[in-house]
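Student: next input, structure requested:
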Amino acid sequence: MSGINVFGVAIAGNKVYGVVQSAIAINNDSLATNHWVYRQITSPDGKVTANLYGGVEIDPFDESIILVGAGHRYATLSHNGGIFRNTNYGYSNAPTEWKRVLYDSDPGDGLSNPQIMDIYFSKTTPGLVFAAAMINKATMKGERGLYVSFDHGLTWDWIYKDSDMYHITQDPLDSNIYYAIGSGTNGGGKIVKIIVEGNKIELDESRVFLFDDYFYSIDIQQGLPLEKTYVFIGTEKGRILKIPLLNLRKLNLGINLYGSNKIIHGFKGTSAVVAVNPNRPNEVFVGLYNGGVYRSIDAGLTWRNYSQGLTSSAINIFELKFSPDGKRLSAGTLGGIAVLVSGTRNIHISKPENALYILDKKCIPFPLPVVIGDITIEVATSNEIKKVEFYIDGNIKFTDYDEPYEWLWNEKAIGKHEIKIIVYDNEGNEAEDRISVVIFNFGGEK
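Tutor: You can find the predicted model right below:
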């Protein structure tokens, strides 16, 4: 799918969903073809939803249930918000078959029409789902904040009303805790901690951080012990913050007024969305509006541009979404859906990392790879590979046909050089990764 705004992406099995302005698009073959089925979504009175900025989500406990969020961030496009629900895998015979399940939480308060920014299904509790919303910028009046449903999105309770919320995630080590991020009443970034016990909800708010910015997205490393788990927060101004999960739980982020002590990178572009690989916790992706995609394989210590092949409109990123198995990362962009990690592209040079190596042993972290003596170049991949080619400065040095994919670089080499690998799978696809290293090997082979 290309040439059209895709605000959100969801993947379940062979089905890929994208929300495109006022409709949902469905692909049934894991994007092996570009065949899509489109279904328009309208309000009960037949009014077109116009913008489904809140994305699309699939119920992990019942994949027939699909939720989409309507609304937009900007005044000229903010109207006809709320959440729409479908129980037939997204298919419908008429636009009005999509049931609007959230629009006016309290008909007596004069507020309605939340502009949905995110929908989040619990990974561990069947039926539990949250939604984040901001106010209608066109009228500066209406509902905003956080909502919860205990019945798979059929009915909703408005649980937080004080400020705009943009994104939600779950604590990977405590299934009863969730975090929502957004802005303070007068700007700045805010976090709301949500604790769920049965059908009871307890909320705890942080103070406001980053007075000149606000929090836009959040993701957390998985598969690590608590003391080694970090949280990545993207901001509206294109910054990335890295916070220990221990600090997040206490809502004590250790951030000064402007957050400079926790900002690990500032990118060109805005509205930073973050996605941490669920299988490789040190692999972090950032997508930006008018900035493309960046990738880190060392938990944010260094970043490399990962926008190769994206069109000029596709560098405007709305969402990054991993498939449930973590093998595919898709982006919803201004120019369609872009598949960023799939097949052989899901590979990287795992050694050397950004560290000092002496005689093939990693000694201490470093801003870039520095090698003294020989070094074994190792390749990490989770896919079925036919062969891996190893290059130094564009010259092929070795081809490996068997796991583990590695090569001992024991040549005489001094100064800055480029290591490149090209990986081929059994279907003829290929992908590459490359890094620059500084090496001092005076005694290797010539």
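Student: please, which helix or strand holds the residue nearest to the spatial centre of the chain?
Tutor: Among the residues of the chain, the one closest to the centroid is Ala275, at 2.8 Å (C-alpha atoms, centre = their mean). Per DSSP states H and E, Ala275 falls inside strand 270-276.
Student: residue contacts, the closest residue to Ile375 other than its chain neighbours?
Tutor: Of all residues beyond its chain neighbours, the one nearest Ile375 is Trp409 (5.2 Å), with distances taken as C-beta to C-beta, 6 or more residues apart in numbering. The way it works is simple: take the backbone N, C-alpha and C, and place the C-beta from them, glycine included. The neighbourhood of Trp409, defined by C-beta atoms under 8 Å, 6 or more residues apart in numbering, consists of 374-377, 390, 392, 397, 419, 439, 441, 444.
Student: and those, which are buried?
Tutor: For those, a neighbour count by 16 or more other C-beta atoms under 10 Å gives the buried set as 374-375, 377, 390, 392, 419, 439, 441.
Student: the residues you listed: which two are farthest apart?
Tutor: Phe390 and Asn441 (15.7 Å; C-beta to C-beta).
Student: follow-up on the earlier one: in CSV, list the contacts of Trp409 along with distance to Asp29, pLDDT and secondary structure.
Tutor: Conversion of the contacts of Trp409 to CSV gives the following (distance: C-beta to C-beta, whole Å; pLDDT from 0 to 100; DSSP: H, G, I helix; E, B strand; the rest coil):
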residue, distance to Asp29, pLDDT, secondary structure
Asp374, 46, 95, coil
Ile375, 42, 96, strand
Thr376, 40, 97, strand
Ile377, 36, 97, strand
Phe390, 34, 97, strand
Ile392, 40, 96, strand
Lys397, 39, 96, strand
Ile419, 36, 95, strand
Ile439, 45, 96, strand
Asn441, 49, 94, strand
Gly444, 49, 64, coil
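Student: dump the residues you listed to CSV, plus distance to Val19.
Tutor: What follows is the contacts of Trp409, written out as CSV (distance: C-beta to C-beta, whole Å):
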residue, distance to Val19
Asp374, 52
Ile375, 46
Thr376, 45
Ile377, 42
Phe390, 42
Ile392, 45
Lys397, 46
Ile419, 40
Ile439, 48
Asn441, 53
Gly444, 55
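Student: quick check, nearest of these to Arg144?
Tutor: For the contacts of Trp409, the nearest to Arg144 is Ile419 (49.3 Å; C-beta to C-beta).
Student: now that closest one: closest residue in space, sequence neighbours ignored.
Tutor: Per C-beta to C-beta, 6+ apart, closest to Ile419 is Ile435, 5.4 Å.
Student: buried residues, the strand or helix carrying the one you found. List them.
Tutor: Secondary structure from DSSP H and E places Ile435 in strand 430-441. Buried residues in strand 430-441, counted by 16+ other C-beta under 10 Å: 431, 433, 435, 437-439, 441.
Student: ditto for stretch 315-324
Tutor: 315-323.
Student: kindly report the same for stretch 229-242.
Tutor: 229-242.
Student: same thing with stretch 390-404?
Tutor: 390-392, 400.
Student: what residues does it touch?
Tutor: So stretch 390-404 is in contact with 377-378, 385-389, 406-407, 409, 411, 413, 417-422, going by C-beta under 8 Å, 6+ apart.
Student: among those residues, which are in strands?
Tutor: The members of the contacts of stretch 390-404 that map onto strands under DSSP state E are 377-378, 385-389, 406-407, 409, 413, 417-422.
Student: just the buried ones from those residues?
Tutor: Buried members of the ones in strands among the contacts of stretch 390-404, scored by 16+ other C-beta under 10 Å, are 377-378, 385, 388-389, 407, 409, 413, 417, 419-422.
Student: what is the nearest of these to Asn282?
Tutor: Glu378 (14.5 Å).
Student: was I right to think that closest one contacts Tyr405?
Tutor: Yes. Counting by C-beta atoms under 8 Å, Glu378 touches Tyr405, with 7.2 Å between them.
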